[in-house]
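After the sequence you'll find the predicted model.
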Amino acid sequence: MNTYKLPIPEQLNGDQLQAEIGALSVRVNGNDLIIDSDKTEAEVLSLVAAHIPAPFVEPTVADKLAAAGLTLDELKTALGL
């Protein structure tokens, strides 16, 4: 396992980058991007350079309720609506 300390890219989705690299971890520490990976430095640099974060999509109310294990009907019933 190698640890690489790189400048933080202008745009970053850490979870997505971690999956793209197949890294053990991707984290930000101050002004540094720290990546723990079995890949070579050249491979990591190439993957970071090619990283294009997926656009953030705001979850809907239904998505938020589903994450809590609720449906809109269950919420309405609980609120007496």
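Looks like it arrived, so ask away.

do you know how far the residue with the shortest distance to the centre of the chain is from Thr3?
Against the mean C-alpha coordinate of the chain, by Cα atoms, centre = their mean, the closest residue is Asp15 at 2.5 Å. The span separating Asp15 from Thr3 equals 19 Å under the rule Cβ to Cβ, to the nearest Å. For every residue, glycine as well, the C-beta is placed using N, CA and C.

cool, Glu58 as well?
34 Å.

And these two? Which one has more around it.
Each of Glu58 and Thr3 has its neighbours counted (other Cβ atoms under 10 Å); Thr3 has more, 10 against 6.

ok, and the closest non-adjacent residue to that one?
Spatial nearest neighbour of Thr3, excluding adjacent residues (Cβ to Cβ, 6 or more residues apart in numbering): Asp36 at 5.2 Å.

Look up phi and psi at the one you found.
phi -100, psi 120 (degrees, to the nearest 10).

And the strands in the protein?
2-7, 25-29, 32-37 (DSSP state E).

can I get these in JSON lines with mean pLDDT?
JSON lines is the format used below for the strands of the chain (pLDDT from 0 to 100):
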{"stretch": "strand 2-7", "mean pLDDT": "97"}
{"stretch": "strand 25-29", "mean pLDDT": "97"}
{"stretch": "strand 32-37", "mean pLDDT": "98"}
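
Indicate which one of these is closest to Gly80.
Relative to Gly80, the nearest member of those by Cβ to Cβ is strand 25-29, separated by 44.7 Å.
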